[in-house]
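Engineer: whatever this is, show me its structure:
(one chain, ligands or ions: 3)
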Amino acid sequence: MAVLTGQVIAAFSRRFIVATDSGELPCQVKGRHLRVVCGDQVEIRRDHDAGVIEAVLPRASLLYRSDAFKTKAIAANVTQLAVVVAARPSFSLEVVQRCILAAEDQGIASLLILNKADLPETPAALERLRPLTEIGYPLVTLSALSDVAPLCPALHRHTTLLIGQSGMGKSTLINALFPGAGVVTAEYSEALDSGRHTTTHARLHRLDAESAVIDSPGLQEFALQHMDANALAHAFIEFRPYLGQCRFRDCQHEHEPGCRLIEAATAGEISPARLQLFQTLRRLQHNAAQRQ
Ligand SMILES: Nc1nc2c(ncn2[C@@H]2O[C@H](COP(=O)(O)OP(=O)(O)OP(=O)(O)O)[C@@H](O)[C@H]2O)c(=O)[nH]1
Ligand SMILES: [Mg+2]
Ligand SMILES: [Zn+2]
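Structural biologist: Ligands and ions are numbered 1, 2, ... in the order given. Modelled structure (predicted):
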């Protein structure tokens, strides 16, 4: 039995696929307590054409998704988040922002992909993303069905996680980037204005030695209960220059006199809608913490 290292490219509940120098290997995990996520670098003991994961190497990052009930890790060692949106089905700007906040909390940079540029409603979707592009988030507009080239430079030397609501075209992007990947995609439901939750597991696709792209299941919700008020405030990148400058050290940025964030929002230096989002998320987090 040989010990070797590899990267988990797919994680099902107790089964894993690990890419090693000598090919892909189906693996199980040793014991009940080792938590293994797509993207993890692992040590495996190989026995013929299967393996057992014995250790997870230290992670550079770990991204979570949570709803009101549970928190689940999506992927490890991601270096860039790409939030995929499209004009149809419609997307929630708040969900987009929540994803980006979770990534900022892990020190991961984010990128916006506006897919389905062939749709006539695309300029309106672009306008909706303005609060995010204005504060510096890069945006790539493209149509995965016709040309994925505009995205390629942004993927170089990154492990990019594609995230977003169902039906935005994440798997279609994967198929365009990796001809032969054969990932299943599905038409969204016009009646429900929503995708069909076609992808059920995260899957890593290697672009080259330094770059990879991970497809993930469509999100409905993205709760941030795992981030406290301070972490939340720092995750709003445009707030950072103002933090620590309020009159009161324990300022909650709600109604306090001398709050620099409220002043900045009033002066139009930061977006009032973003401050409002912060206040909403802070209250949600506060209430969740009180229930525990
Ligand atoms: N018009 C148009 N349709 C697209 C484009 N890209 C994807 N689609 C369509 O959008 C639908 C949803 O695509 P998927 O790739 O399955 O979406 P997904 O984001 O992976 O969805 P989940 O796996 O459910 O999260 C499919 O019918 C695609 O053909 C595009 O550039 N233009
Ligand atoms: Mg999909
Ligand atoms: Zn304040």
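
Engineer: excluding sequence neighbours, find me the nearest residue to the residue of the stretch 101-250 of the chain at minimum distance from ligand 1.
Structural biologist: For the stretch 101-250 of the chain and ligand 1, the shortest gap (C-beta to the nearest ligand atom) falls at Gly218, measuring 2.6 Å. Just so you know, the C-beta spots here come from the backbone N, C-alpha and C atoms, and that holds for glycine as well. Nearest non-adjacent residue to Gly218, counting by C-beta to C-beta, 6 or more residues apart in numbering: Ser166, 2.7 Å away.

Engineer: look up phi and psi at Thr141.
Structural biologist: Main-chain torsions, Thr141, degrees, to the nearest 10: phi -100, psi 130.

Engineer: OK, contacts around it?
Structural biologist: Ile113, Leu114, Ala117, Thr122, Leu126, Pro150 (C-beta atoms under 8 Å, 6 or more residues apart in numbering).

Engineer: near the last one, how many other residues are there?
Structural biologist: Other residues near Pro150 number 13, with proximity taken as other C-beta atoms under 10 Å.

Engineer: wait, doesn't it sit right on Val140?
Structural biologist: Yes. At 5.3 Å, Pro150 counts as touching Val140 under the criterion of C-beta atoms under 8 Å.

Engineer: show me which residues of the chain sit near ligand 2.
Structural biologist: Lys170, Ser171, Thr198, Thr199 (C-beta under 5 Å from the ion).

Engineer: can you list the domains in this structure?
Structural biologist: 2-56, 62-215, 229-291 (automatic domain parsing).

Engineer: can you report how many residues neighbour Phe236?
Structural biologist: 23.

Engineer: contacting residues around it?
Structural biologist: So Phe236 contacts Leu101, Glu104, Arg274, Phe278 (C-beta under 8 Å, 6+ apart).

Engineer: and stretch 78-96, end to end?
Structural biologist: 17 Å (C-alpha to C-alpha, to the nearest Å).

Engineer: correction: the previous question concerned stretch 161-180.
Structural biologist: Using C-alpha to C-alpha, the two ends of stretch 161-180 sit 20 Å apart.

Engineer: would you mark the buried spots in it?
Structural biologist: With burial defined by 16 or more other C-beta atoms under 10 Å, the residues of stretch 161-180 counted as buried are 161-178.

Engineer: re the thing from before, strands - which of the contacts of Phe236 land there?
Structural biologist: With DSSP state E as the criterion, strands contain none of these.

Engineer: how about those in a markdown table, adding pLDDT?
Structural biologist: As requested, these are exported to a markdown table (pLDDT from 0 to 100):
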| residue | pLDDT |
| --- | --- |
| Leu101 | 96 |
| Glu104 | 96 |
| Arg274 | 98 |
| Phe278 | 98 |
